[in-house]
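Chemist: Quick one, what's the 3D model for this:
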Amino acid sequence: MLGILFNDKECKELDYVLRKELDEMLLDLNDSRLDGDIKSAITRRYKIIFRMYARIASPKELSRYALNVRTYRS
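Modeler: Just a heads-up that it's a prediction; the model follows:
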């Protein structure tokens, strides 16, 4: 187990970066040009990033992405 301390500004930046990454992966998952293997890899990465985001996000913010993680389970 590793631990990291963030100040308020760093926490907001991490929140922003993780949200943008989740949004980008959702766009990729909706791209019909990508095949199943690539979507499966994106889904695995999405789950990891989602768990990271869950540690700092409020339940309301998290619910926006939680619904989508169920949609793309492989």
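
Chemist: Break down this protein into its helices, ranges please.
Modeler: Here the chain has its helices, by DSSP state H, at 8-29, 36-54, 59-71.

Chemist: Make a markdown table out of the ones you listed and add mean pLDDT, mean neighbour count and distance to residue 1.
Modeler: (C-beta placed from N, C-alpha, C; glycine too.) Shown next, in a markdown table, are the helices of the chain (pLDDT from 0 to 100; neighbours: other CB atoms under 10 Å; distance: least, CB to CB, whole Å):
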| stretch | mean pLDDT | mean neighbour count | distance to residue 1 |
| --- | --- | --- | --- |
| helix 8-29 | 94 | 14 | 18 |
| helix 36-54 | 93 | 15 | 14 |
| helix 59-71 | 76 | 13 | 22 |
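
Chemist: Just send the ones you listed back as JSON lines, with distance to residue 2 too.
Modeler: Shown next, in JSON lines, are the helices of the chain (distance: least, CB to CB, whole Å):
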{"stretch": "helix 8-29", "distance to residue 2": "15"}
{"stretch": "helix 36-54", "distance to residue 2": "12"}
{"stretch": "helix 59-71", "distance to residue 2": "22"}
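
Chemist: Could you measure from residue 28 over to residue 39?
Modeler: Residue 28 is 8 Å from residue 39, where distance means CB to CB, to the nearest Å.
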